[in-house]
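Q: Sequence first, then the predicted structure, then my questions.
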Amino acid sequence: MATYFAGVTLFDGRTVRTDAGVLVSNGTIAWTGANARVPREARAAHEVDSEGKTLTPGLIDCHVHLCFDGTADFAKEAQDLTPARAAFKATRNALRHLEHGVTTVRDLGGVASVICEFARAVDEGVAPGPRIVAAGRALTITGGHGHNIGIAREVDGPDAVRQAVREEIRGGATAVKIIATGGVLTPGIAAEFTAFTPEEMEAAVDEAHKRGRGVAAHAIGSPGITAAVLAGVDSIEHGSMITAEAARIMKANGTFHVPTISAIRGIVDHAEEVPAYAVEKAVALAERARDAFRRAARTGVRHACGTDGGTPFNPHGNAPMEIVRMVEWGLTPLKALRAATSEAAELLRLPKVGVVEPGRAADLALFDGNPVDQVDAILKPALVMKAGELVGGG
Ligand SMILES: [Zn+2]
């Protein structure tokens, strides 16, 4: 069944054009162009009245944890997170992404290989959900950030790190996550200290890149950010203390910044409910994170949208809110939308999504109004399509 979007404002992942037509056929984009030049094949298609609406690529969230729900106490939720329970939660959380127009996510740390298996189930049509790039378990140093919540494995020394990357890939991982510094959600450790050595990070990057996987580095303190970038990681997650020097090196290396503003806001805006150790660290970082984001943007570092969905008061399906927050922090709506579409697809090494052009998958979201003019319009999709099938909205 073919679908034709007639007379729509099209944000194709890069630029905007008005009065466009988009033909979807067999799950892919078959044609785009001026609505006035509608192709013959579109006549037999189901026509979606799109006047006054805006069509975008399905949104991409580059940082989620599908095993977690966004409850107040992350560490407590982790305590009884068996693989089966994690799978049930992931199944429900996946639907929340689709409902909000998010058709691709990257999971950066889950229980065992549950999310890798789930990604495969979605691919095979066994379970509904967005496309999932999954890191399996994150890699952290012994006693490092995340070691207490079952979604990271403790590993020390370049050889052991290399072996861990191989094992996660054997388990189905299509991305690699390293925890380069301390973090907010682990009690008893500072957020900014540098964790892995340069040699350990280089081993992870070398092994991952040889296998065609990108590497995401959780990094908050600036020495850890710089070390991770120099080791060759593809993205800095959080990046709360990106200095002018770090921004320059990121720009030179083409490293993405995934700011996860929603993670900070979830904790800071619910200070009464979230455990005090996390609130204290998040409050201390909030302002610096905004400065770091602006510094990175000014320097020309590319941003990719990532929510850290699953952390306290940061529910799944939050990518549209993250787009709004990136605009609040200083990006133009156009740049924030690119960060959640074409730029994100590039970071995730997914050439089939993120842009509306012939040959790409028909992952699409339709909005009333125009989020490029009024970014809030992104919060409520009227229609969501994945591979040409209706999966949400309305
Ligand atoms: Zn995370």
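A: Alright, I've got the coordinates.
Q: all contacts plus neighbour counts: C-alpha atoms, from now on.
A: OK.
Q: mind listing what T103 touches?
A: T103 sits next to 58-60, 97, 129-131, 363, 385-386 when contact means Cα atoms under 8 Å, 6 or more residues apart in numbering.
Q: Now with 7 Å, please.
A: Residues counted as contacts of T103 (Cα atoms under 7 Å, 6 or more residues apart in numbering) are 58-60, 97, 130-131, 363, 386.
Q: Tell me which residues are up against the helix or strand hosting R85.
A: Using DSSP states H and E, the element containing R85 is helix 83-99. For helix 83-99, the external contacting residues (Cα under 7 Å, 6+ apart) are 66-68, 103, 111-112, 114, 129-130, 316-317, 391-393.
Q: Now for these: which two are most distant?
A: Using Cα to Cα, the contacts of helix 83-99 span at most 32.1 Å, a distance reached by A112 and G393.
Q: So between those two, which is more surrounded?
A: Applying other Cα atoms under 10 Å to A112 and G393 shows that A112 carries more neighbours, namely 20 against 17.
Q: doesn't L139 make contact with the more buried one?
A: No - assessed by Cα atoms under 7 Å, A112 is found out of contact with L139, at 12.0 Å.
Q: Could you identify the helix or strand that succeeds the helix holding R85?
A: strand 102-107.
Q: ok, back up a step: between the contacts of helix 83-99, which sits nearest L334?
A: For those, the nearest to L334 is T103 (19.1 Å; Cα to Cα).
Q: which one is the closest one nearest to, not counting chain neighbours?
A: P130 (4.4 Å; Cα to Cα, 6 or more residues apart in numbering).
Q: and the one you found, how many residues sit next to it?
A: What P130 shows, counting by other Cα under 10 Å, is a neighbour count of 26.
Q: so what does the longest helix along the chain touch, helix or strand wise?
A: In the chain, with assignment by DSSP state H, the single longest helix is helix 276-299. With contacts defined as 3 or more Cα pairs under 7 Å, 6 or more residues apart in numbering; DSSP states H and E, helix 276-299 has these neighbours: helix 244-253, helix 261-268.
Q: pLDDT averaged over the last one - what is it?
A: Helix 261-268 carries an average pLDDT of 96.
Q: quick one, it and helix 276-299 angle?
A: If you take axes from the mean of the first three to the mean of the last three Cα atoms, to 10 degrees, helix 261-268 sits at 150 degrees to helix 276-299.
Q: Keeping just the C-alphas, turn helix 261-268 into PDB.
A: Coordinates of the C-alpha atoms in helix 261-268 are reproduced here as PDB (Å, rounded to 0.1, in the frame of the first residue of the first chain):
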ATOM      1  CA  ILE A 261      19.400  18.100  29.100                       C
ATOM      2  CA  SER A 262      16.300  16.100  30.100                       C
ATOM      3  CA  ALA A 263      18.400  14.000  32.500                       C
ATOM      4  CA  ILE A 264      19.500  17.000  34.500                       C
ATOM      5  CA  ARG A 265      16.100  18.600  34.400                       C
ATOM      6  CA  GLY A 266      14.400  15.500  35.600                       C
ATOM      7  CA  ILE A 267      16.500  15.400  38.700                       C
ATOM      8  CA  VAL A 268      16.800  19.200  39.400                       C
END
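Q: if we can go back for a sec, close enough to count as contact, the residue nearest to T103 and T104?
A: Yes - the criterion here is Cα under 7 Å, and P130 meets it with T104 at 4.9 Å.
Q: could you point out which element follows the helix or strand harbouring R166?
A: Element membership for R166 (DSSP H and E) is helix 158-170. Downstream of helix 158-170, the next assigned helix or strand under DSSP H and E is strand 175-179.
Q: now that following strand: how far from the chain's centre is it?
A: 13 Å (Cα atoms, centre = their mean, to the nearest Å).
Q: That strand: which residues count as buried?
A: For strand 175-179, burial by neighbour count (16 or more other Cα atoms under 10 Å) applies to 175-179.
Q: picking that back up, ok, and the most crowded of the contacts of helix 83-99?
A: That'd be L66 among the contacts of helix 83-99, by other Cα under 10 Å, with 34 neighbours.
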